[in-house]
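In: structure for the following, please:
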Amino acid sequence: RQVVIPLPDVRGREQILKVHMRKVPLDKDVKPSIIARGTPGFSGADLANLVNEAALLAARGNNKSVKMDQFDKAKDKIYLKEMKMRADDLGIESLLIMCDNEGSLGDPDPAARTKAVENHYKWAEAAKFLGCHSIRVNAYLTESLHGTLPADYSKTGSYENQINLVADGLRRLTEYGDTLGINTIVENHGGLSSNGKWLSAVMEKVDHPRVGTLPDFGNFRLEGDEWYDRYQGVRELMPYAKAVSAKSHEFDSDGNEISTDYYKMMKIVLDASYNSHVGIEYEGTAHSEMEGIRLTLELLKKVRASID
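Out: Model (predicted):
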């Protein structure tokens, strides 16, 4: 007979944490109730491991007590271990991590720009742990995502200075990633980053073998209803590409994407001598996400067959 013991609820997790925390010196900012709320699905063994990992981080940092942020880092480490184990079991290769909402690498405020650079360090470290080749970041001067909001460039000066600001933050992050063997790549993701000429100039300014682009077929909205030519943009970004995103929205009755000529676009990709992975991202509404991905994959297969 098998007896199934359910995972502890939030109250149970808090009590388990308190038992294991008796063994370690805790900083006054550590709150078991908050940690318990942030660990749904953790078993008693997982929680014991969490406390041990946090204590190890404190010891490595020569801290006399375990701090709250060390519990956060320990939780991330446990999550990444689980993720890597599952991926390895299924034969899945992790390629890159998409990083958003970590601040603007081209922020005109030097302190905010430095904070944005440092906010990305944990993702470069996670990418190394998971066996990825890159982290994907944004080249923003402001947080005007996708160019859908009016961007305020009044404090950034000239076009050239806008390049210099992003290049500074991106170079520093790239140099950190280089110490881990991780690339830092930029996607055209709205605003100035969707201007292929501008982002290419940023690449030239950074001038580092670990920096590159991730051309996205559909992300060329500059601001509001103003769009950059997607074929020109991909052509300008491909010389620096370390990954490519096949963005799709909707398909016609023949399975072709209605906004992007995939045959033309993939010819641009291949003419740049690109021979690595092409990711798929479906952002339409007519199909489920998985069905949209499947349709995009079938289209890519048709394009490849026509080339072969």
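In: got any ranges where the protein has weak pLDDT?
Out: Across the chain, the ranges flagged by pLDDT under 70 are 1, 142-158.
In: residue boundaries of the strands in it?
Out: Taking DSSP state E as the test, the strands found in the chain are 96-98, 134-137, 183-187, 211-214, 221-223, 226-227, 244-248, 278-282.
In: just send those back as CSV, with mean neighbour count too.
Out: Quick note: C-beta positions are derived from backbone N, CA and C, even for glycine. Formatted as CSV, these follow (neighbours: other C-beta atoms under 10 Å):
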stretch, mean neighbour count
strand 96-98, 18
strand 134-137, 26
strand 183-187, 26
strand 211-214, 25
strand 221-223, 18
strand 226-227, 12
strand 244-248, 23
strand 278-282, 18
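In: dump the ones you listed into JSON lines; add distance to residue 236 as well.
Out: Output for those, formatted as JSON lines (distance: least, C-beta to C-beta, whole Å):
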{"stretch": "strand 96-98", "distance to residue 236": "21"}
{"stretch": "strand 134-137", "distance to residue 236": "18"}
{"stretch": "strand 183-187", "distance to residue 236": "13"}
{"stretch": "strand 211-214", "distance to residue 236": "9"}
{"stretch": "strand 221-223", "distance to residue 236": "14"}
{"stretch": "strand 226-227", "distance to residue 236": "15"}
{"stretch": "strand 244-248", "distance to residue 236": "14"}
{"stretch": "strand 278-282", "distance to residue 236": "18"}
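In: could you measure from residue 176 over to residue 112?
Out: In this view, residue 176 and residue 112 are 17 Å apart by C-beta to C-beta, to the nearest Å.
In: these two: which has the busier surroundings?
Out: residue 176 (18 against 13; other C-beta atoms under 10 Å).
In: can you pull the contacts of the more buried one?
Out: 117, 121, 124 (C-beta atoms under 8 Å, 6 or more residues apart in numbering).
In: give me the neighbour count for the residue nearest to residue 283 when sequence neighbours are not counted.
Out: Closest residue in space to residue 283, ignoring its immediate chain neighbours: residue 249 at 5.6 Å, by C-beta to C-beta, 6 or more residues apart in numbering. By other C-beta under 10 Å, 19 other residues sit near residue 249.
In: cool, and residue 233?
Out: Residue 233 has 24 nearby residues by other C-beta under 10 Å.
In: what do you get for residue 11?
Out: 10.
In: OK, contacts around it?
Out: If you count contacts by C-beta under 8 Å, 6+ apart, then residue 11 has residue 36 around it.
In: roughly how far apart are it and residue 98?
Out: On the measure of C-beta to C-beta, residue 11 and residue 98 end up 35 Å apart.
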